[in-house]
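> Make a model of this:
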Amino acid sequence: MQAQGDPPTVKPGLEIHRDSLIKIIAEAADELSFKQATDIKKLPNYIATNANQSNVQLVGQPEELILAKWMFNFNADTIINEAELAKVAWFALAMGGKNGAYWFISNLEKIKNNMNKDFTQTMIFNYNRNGTLKYIKKSKTLILVFNPPVL
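Got it, this is the predicted structure:
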């Protein structure tokens, strides 16, 4: 039994149903169509890719996702880059709330101001969701990952 003032009980997974997350992602990126790929560690793996180099991956049982990841490769077209980054910001908002969106946008500015440097930052958004933002300069890849904390 949980005592008053104790942190909430940690539940398995990201505490969001895969179908619900896919609907939220579709609000910003309806061109992404998720398809089941090869399982990862015997867990369902769903991937969606669009023509603008965005790739979204959801791993885990429908009610117990253990990974939600958005990858984007920057290109020479700044209009496409900005449109895709707005979708990633929507994903950050969906997974991390207002703090997630603020965290993503403020760190994205740091990345854009120095794209010749790798970047990684992790933040805990609640008792059951970590976010990691990474930029890899060699491939010009932005990766935003949400997963449960390691217990």
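> what about whichever strand or helix holds S106, average pLDDT?
Element membership for S106 (DSSP states H and E) is helix 78-113. If you average the pLDDT over helix 78-113, you get 96.
> helices or strands next to that helix in the packing?
Using 3 or more CB pairs under 8 Å, 6 or more residues apart in numbering; DSSP states H and E, the elements in contact with helix 78-113 are helix 18-28, strand 54-61, strand 64-73, strand 119-126, strand 129-136, strand 141-147. No exception for glycine: its C-beta is placed from N, CA and C like everyone else's.
> would JSON lines of those with distance to S106, mean neighbour count and mean pLDDT be doable?
Listed next are these as JSON lines, based on distance: least, CB to CB, whole Å; neighbours: other CB atoms under 10 Å; pLDDT from 0 to 100:
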{"stretch": "helix 18-28", "distance to S106": "19", "mean neighbour count": "16", "mean pLDDT": "94"}
{"stretch": "strand 54-61", "distance to S106": "21", "mean neighbour count": "20", "mean pLDDT": "97"}
{"stretch": "strand 64-73", "distance to S106": "17", "mean neighbour count": "20", "mean pLDDT": "96"}
{"stretch": "strand 119-126", "distance to S106": "10", "mean neighbour count": "14", "mean pLDDT": "92"}
{"stretch": "strand 129-136", "distance to S106": "10", "mean neighbour count": "19", "mean pLDDT": "96"}
{"stretch": "strand 141-147", "distance to S106": "13", "mean neighbour count": "20", "mean pLDDT": "97"}
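> Which among those is found nearest to K87?
K87 sits nearest to helix 18-28 of all the helices and strands packed on helix 78-113, at 4.6 Å, using CB to CB.
> Kindly format the C-alpha coordinates of that closest one as PDB.
Extracted in PDB, the C-alpha atoms of helix 18-28 (Å, rounded to 0.1, in the frame of the first residue of the first chain):
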ATOM      1  CA  ARG A  18       0.900   1.900 -28.600                       C
ATOM      2  CA  ASP A  19      -2.300   2.700 -30.500                       C
ATOM      3  CA  SER A  20      -2.900   5.900 -28.500                       C
ATOM      4  CA  LEU A  21       0.700   7.000 -29.200                       C
ATOM      5  CA  ILE A  22       0.300   6.300 -32.900                       C
ATOM      6  CA  LYS A  23      -2.900   8.400 -33.000                       C
ATOM      7  CA  ILE A  24      -1.000  11.300 -31.200                       C
ATOM      8  CA  ILE A  25       1.900  11.000 -33.700                       C
ATOM      9  CA  ALA A  26      -0.600  11.000 -36.600                       C
ATOM     10  CA  GLU A  27      -1.900  14.400 -35.500                       C
ATOM     11  CA  ALA A  28       1.400  15.900 -36.500                       C
END
